[in-house]
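Engineer: I need the structure of the sequence given here:
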Amino acid sequence: MKITSRGRYAVMALVSLASSSRGNPVPIQAIARQESIPEPYLQQLFLRLKRKNLVKSVRGPGGGFLLARHPSAITVGEVIRTAEGKSDRVGCRKAGRRCGMIDRCRTQGMWDALESRMEEFLDSMSLEDLFEERRPVREEMGA
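Structural biologist: Below you'll find the predicted structure:
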């Protein structure tokens with residue numbers, strides 16, 4: 001699993017959305033400003049997230065975005081996979097390359113286990129977990 005700025009921005013934006021929403025749509029401009037993410041980039045990212053039913057949009061005055069499901073039902077892994085698209089593999093299998101030694105490679109099992117553990121770790125955390133973790137930090141900072 002490869003995690004680029006796209007995946008990081010998606011997680012940051014959805015945690016921001018979860019913490020700001022309180023059941024009301026949040027304008028994308030507010031999320032972009034709060035997380036210091038360029039608005040055009042965030043708009044493209046939210047289109048992808050909307051297609052995969054992670055967010056829904058509300059048009060008109062007072063419009064914006066809402067999470068499509070409760071934050072506890074959306075995992076960080078799901079957000080990253082949605083944002084990143086096709087998953088890159090770790091090691092020799094990355095980008096479908098085959099060195100000709102994959103069947104007898106002594107390290108490939110380690111790379112496969114690392115990839116599996118990364119996905120398990122990211123799937124074990126929900127947006128709500130991150131939202132709850134951030135709350136004390138914001139309160140200490142007076143935000």
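
Engineer: Would you mind measuring the gap between the ends of stretch 68-83?
Structural biologist: Its first and final residues considered, stretch 68-83 spans 15 Å by CA to CA, to the nearest Å.

Engineer: give me the number of residues near the closest residue to N53 other than its chain neighbours?
Structural biologist: Closest residue to N53 apart from its sequence neighbours, by CB to CB, 6 or more residues apart in numbering: A68 at 4.9 Å. Where you see a C-beta, it was placed from the backbone N, CA and C, and this is true even at glycine. A68: 15 surrounding residues under other CB atoms under 10 Å.

Engineer: what does the one 4 residues further on give?
Structural biologist: Residues within reach of S72, counting by other CB under 10 Å, total 13.

Engineer: And G63, by the same measure?
Structural biologist: G63 has 13 nearby residues by other CB under 10 Å.

Engineer: for A32, same thing?
Structural biologist: Count around A32 with other CB under 10 Å applied: 19.

Engineer: OK, contacts around the residue lying farthest from the centre of the chain?
Structural biologist: In the chain, counting by CA atoms, centre = their mean, R104 sits farthest out from the average C-alpha position, at 35.0 Å. By CB atoms under 8 Å, 6 or more residues apart in numbering, no residues touch R104.

Engineer: On the three-state scheme, it is what?
Structural biologist: In three-state terms, and counting by DSSP: H, G, I helix; E, B strand; the rest coil, R104 is coil.

Engineer: Alright, that wraps it up for me.
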